[in-house]
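Visitor: Just the structure for this:
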Amino acid sequence: MKVFDYKEQFDVVKDRIDKMAEEQGFDPKTDEFVFVQPYSKTQAIIISAVKDDDGKRLIKMQVQDLVFVDDPIDGVLDVLGDD
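Guide: Numbering: from 1, shown residues only. The predicted structure follows:
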């Protein structure tokens, strides 16, 4: 199994976020989002871009050892809309 340097993977993840932003029509520099890059053995890099209560933009980068990603459920949540 290939072993990745997690610090180098942040650049890979950034490129993937930029590609998804273009495909999905959002601005990763201003919009709020969560990006999950899963790896083998339940590992993942999770990037969150959110605004705090004061409106300040926060970027949180996590390397997690135990992340479970299930198959998507067909439908949308009522609090988030259908766009």
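Visitor: So, low pLDDT: which residues of this protein?
Guide: Scanning the chain for pLDDT under 70 picks out 80-83.
Visitor: what do you get if the cut-off is 90, keeping everything else the same?
Guide: 6-7, 55, 75-83 (pLDDT under 90).
Visitor: ranges for the strands of it?
Guide: In the chain, the strands defined using DSSP state E lie at 33-38, 44-51, 57-64.
Visitor: Reformat the ones you listed as CSV; add mean neighbour count and distance to residue 14.
Guide: For glycine as for every other residue, the C-beta is placed from the backbone atoms N, C-alpha and C. Shown next, in CSV, are those (neighbours: other C-beta atoms under 10 Å; distance: least, C-beta to C-beta, whole Å):
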stretch, mean neighbour count, distance to residue 14
strand 33-38, 14, 9
strand 44-51, 16, 8
strand 57-64, 12, 10
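Visitor: Let me have those in CSV, extended by distance to residue 71.
Guide: Below are these laid out as CSV (distance: least, C-beta to C-beta, whole Å):
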stretch, distance to residue 71
strand 33-38, 13
strand 44-51, 16
strand 57-64, 19
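Visitor: for the ones you listed, which one sits closest to residue 26?
Guide: Comparing the strands of the chain against residue 26 with C-beta to C-beta, the closest turns out to be strand 33-38 (6.5 Å).
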